[in-house]
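J.: Quick one, what's the 3D model for this:
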Amino acid sequence: MSITLIALEKDLFFAVKIRDTLRHHDMQSSVVRTLAAFEEGLTATPAPDIAVVDIATRGVDWEAAIRAARSHHVPVLAFGSHMDLEARAKALQAGALKVVANSKFASDMPGLLTRLLNTPADQTTADVDADSEDEE
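T.: Here you go, the predicted model:
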């Protein structure tokens, strides 16, 4: 089964890493740099199975991106600095199902996405977050 995802990532080098990594795991990704492009991608055909949001992104309302994804019933995996507990809390409050450290995302990207997609819809955020100890 091919997984389709939309990612909000302004860093060009990391955007390429996301695309290249996921391509090797039968996952199609669309990486965008603006909120408008992210919102447009949520209505694409086929619709994304999951969204990824970099919560360290400056100059983009990533909280609005998370809320937009959730309003389209798209689960969200957010990632950012393990030191930024405020951003982590805001991401969860906006609707992210899981927030992980940059290093965890980079080292286990396909696994994190697959596990999140296979998580029952009624599972709590705390349960979903259990396998993602914040490390950097």
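J.: Would you indicate which residues of the helix or strand hosting residue 110 are buried?
T.: Using DSSP states H and E, residue 110 falls within helix 102-117. Using 16 or more other CB atoms under 10 Å as the test for burial, helix 102-117 gives 102, 104, 105, 109, 112, 113, 114, 116. Every residue, glycine included, has its C-beta placed from N, CA and C.
J.: Pipe these into CSV and attach distance to residue 14 and pLDDT per row.
T.: Shown next, in CSV, are those (distance: CB to CB, whole Å; pLDDT from 0 to 100):
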residue, distance to residue 14, pLDDT
102, 9, 93
104, 14, 95
105, 9, 95
109, 11, 93
112, 15, 95
113, 15, 94
114, 20, 92
116, 19, 92
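J.: Turn the residues you listed into JSON lines, including distance to residue 69.
T.: Formatted as JSON lines, the buried residues of helix 102-117 follow (distance: CB to CB, whole Å):
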{"residue": "102", "distance to residue 69": "20"}
{"residue": "104", "distance to residue 69": "20"}
{"residue": "105", "distance to residue 69": "16"}
{"residue": "109", "distance to residue 69": "17"}
{"residue": "112", "distance to residue 69": "16"}
{"residue": "113", "distance to residue 69": "14"}
{"residue": "114", "distance to residue 69": "18"}
{"residue": "116", "distance to residue 69": "12"}
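J.: Under the pLDDT cut-off, which ranges of the chain? List them.
T.: Low-confidence segments of the chain, defined by pLDDT under 70: 1, 121-136.
J.: Tell me who's in contact with the residue nearest the centre of it.
T.: Nearest to the mean C-alpha position of the chain, by CA atoms, centre = their mean, lies residue 52 at 1.8 Å. By CB atoms under 8 Å, 6 or more residues apart in numbering, residue 52 lies in contact with 5, 6, 7, 8, 9, 18, 76, 77, 78, 79, 105, 113.
J.: Of the buried residues of helix 102-117, which pair is most distant in space?
T.: Farthest-apart pair in the buried residues of helix 102-117 is 102 and 114; separation 19.1 Å (CB to CB).
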